[in-house]
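> no sequence for this one, just the structure:
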């Protein structure tokens, strides 16, 4: 295997922080880490060779790879202000921003780890899908090599495919989490502990690791049990938002399973 | 501790089968197992002392506990046909059926394990919430004792509380699974593998084991990122159901997080 590339990391939010730890752990030299917020940099200073900085103009231009892990709407402006050697590869970590946002740079790529990262929670990188893309073969190879040292699941996708996957990620993460938050509020409202539902939430996710979600579908709507659905809707009279969603999702599940 | 009660189990679906295995494993004597479908009984015959039967009238009347784990809409009729000693406790395992469905019997109770059970998948009982209820103290004690041998999480709830929890279970299990099935179809439609999303689904569930789901909320709607939402909606033009849900859930998340 070729020598590991030197990396400069831009961004010290959840993605940047987890990436910094994982790359350092995997033996990469992270030369500098940039963030516009100095307080985000302090906990990462021990991970980089030269140091951290909150000024883009302080970044040295001669790293092999610049990974931009800042907020989606800041990627283009950070990329535009970044001065690097023409041989350097500049990649971002976003699921939805096209690679053209990096266009001032000659060698462009994507390095998108498809996972939800929390400040407090460690992550098992070995099975996290990492989606890569690059505008030249050598850049692609370097991104693939880097991804492979972190995870066994590396996918090369186009901008469009990555956006389609990102949309799916919004559905299975953001939307299911929102439903869980409504259930949380519902239990709170009735002085019932949330840990009644926690094991069920985990098992629901574990089931679809091996089962087609269509086969995992159960419940009153799945079996066309109108009596239970009506009883639940009447319990929800004071909760119009949850009531509407309950009614609509039940209808859709009945339709999907042809029990309407 | 008192001697373990003798149990007769009615129902050999997913709940009945998992209960039979777990109770047998915990050292209980399961005297008979009933199901109206003989083919469901065959794999369970080694778990019971006297034997299996597909005829209610063959069940002996003198077990300590009769656990009815049949479909919700069959509970009342099975209970009505069941002939047992007046000292026997009759309990069902449903989240939504009131205890009064057992009313021909003098000593009635609930034994509701709050989990989703699959035919093929083993279950860790130790942390499954088991919700109990009974109409006399000794019956409650016996159900609590039985639940405690399977799980460390035993809750005594009223009929009404159990229905409220069951509604929450529908939201976090049935509705989130439905959303996952839509994401599955979405990836299929674009020839992208579902395992791109599986680790994210698992991590989403793992996060809310320790974090308040309100704090775990992320994504375009959470940060009021209209550009990404609009781009996703335009990708969904051929998928009206998912498009409507996407639009509605994004709106609700923005509302909840005051970024509208």
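Yep, it's here. Everything quoted here is computed from the prediction, not taken from an experiment. Residues are numbered from 1 along each chain as shown, chains lettered A, B, ... in the order given.
> quick one: residue A:135 from chain B, how far?
21 Å (C-beta to the nearest C-beta, to the nearest Å). Backbone N, C-alpha and C define where each C-beta goes, glycine included.
> Quick one: residues contacting that residue.
Each residue near residue A:135 by C-beta atoms under 8 Å, 6 or more residues apart in numbering or on different chains is listed here: A:99, A:107-109.
> State the phi and psi torsions of it.
Backbone geometry at residue A:135, expressed as degrees, to the nearest 10, gives phi -100, psi 10.
> From residue A:158, how far out is it?
Distance of residue A:135 to residue A:158, given as C-beta to C-beta, to the nearest Å: 12 Å.
> ok, now residue A:27?
In terms of C-beta to C-beta, residue A:27 sits 30 Å off from residue A:158.
> Give me the more crowded residue out of those two.
Neighbour totals were compared for residue A:27 and residue A:158, and residue A:158 leads with 13 against 8 (other C-beta atoms under 10 Å in any protein chain shown).
> Check whether stretch A:6-16 comes near chain B.
No. Judged by C-beta under 8 Å from any C-beta of the partner chain, stretch A:6-16 and chain B are separated, with a smallest distance of 8.6 Å.
> For that stretch, measure first residue to last.
16 Å (C-alpha to C-alpha, to the nearest Å).
> cool, and stretch A:251-260?
End residues of stretch A:251-260 are separated by 8 Å (C-alpha to C-alpha).
> what pLDDT, on average, does it get?
In this model, stretch A:251-260 has an average pLDDT of 94.
> Show me what that stretch is in contact with.
By C-beta under 8 Å, 6+ apart, the residues outside stretch A:251-260 that reach it are A:214, A:217, A:219, A:221-224, B:174-175, B:178, B:181, B:241, B:245.
> Now the phi/psi pair for residue A:37, please.
Per degrees, to the nearest 10, the backbone of residue A:37 is at phi -100, psi 110.
> I'd like to know how many residues surround it.
Residue A:37: 10 surrounding residues under other C-beta under 10 Å.
> Tell me how far it lies from residue A:22.
Noted for residue A:37: a distance of 21 Å to residue A:22, by C-beta to C-beta.
> cool, residue A:228 as well?
For residue A:228, the distance to residue A:22 - C-beta to C-beta - is 46 Å.
> Of these two, give the one with the bigger neighbour count.
residue A:228 (23 against 17).
> Helix, strand or coil: sort out that one for me.
For residue A:228, the secondary-structure state derived from DSSP: H, G, I helix; E, B strand; the rest coil is helix.
> mind listing what it touches?
Contact analysis of residue A:228 by C-beta under 8 Å, 6+ apart lists A:220, B:72, B:96.
> among the residues you listed, who's most crowded?
Greatest neighbour count in the contacts of residue A:228, by other C-beta under 10 Å, goes to residue A:220: 24 neighbours.
> Hmm, that one is touching residue A:232, no?
Yes. The criterion here is C-beta atoms under 8 Å, and residue A:220 meets it with residue A:232 at 7.4 Å.
> Quick check: closest non-adjacent residue to the spatially most central residue of chain A.
Of all residues in chain A, the one closest to the mean position by C-alpha atoms, centre = their mean is residue A:115, 3.7 Å from it. Counting by C-beta to C-beta, 6 or more residues apart in numbering or on different chains, residue A:115 lies nearest to residue A:128, which is 4.7 Å off, once chain neighbours are set aside.
> Now the phi/psi pair for that neighbour, please.
The phi/psi pair for residue A:128 (degrees, to the nearest 10) reads phi -70, psi 130.
> check which helix or strand covers residue A:199.
Element membership for residue A:199 (DSSP states H and E) is helix A:198-210.
> who does that helix touch, helix- and strand-wise?
Applying 3 or more C-beta pairs under 8 Å, 6 or more residues apart in numbering or on different chains; DSSP states H and E, we find helix A:198-210 packed against helix A:213-216, helix B:176-189, helix B:198-210.
> For that helix, list every residue counted as buried.
Within helix A:198-210, the residues that qualify as buried are A:198-208, counting by 16 or more other C-beta atoms under 10 Å in any protein chain shown.
> what's the angle between the longest helix along chain A and helix A:176-189?
Secondary structure of chain A read by DSSP state H shows that its longest helix is helix A:240-256. Inter-element angle recorded for helix A:240-256 and helix A:176-189: 130 degrees (by axes from the mean of the first three to the mean of the last three C-alpha atoms, to 10 degrees).
> Tell me the buried residues in helix A:240-256?
For helix A:240-256, by 16+ other C-beta under 10 Å, it's A:242-243, A:245-246, A:249-250, A:252-254, A:256.
> will you turn those into CSV that also has distance to residue B:236?
Listed next are the buried residues of helix A:240-256 as CSV, based on distance: C-beta to C-beta, whole Å:
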residue, distance to residue B:236
A:242, 24
A:243, 25
A:245, 18
A:246, 22
A:249, 17
A:250, 22
A:252, 15
A:253, 19
A:254, 22
A:256, 17
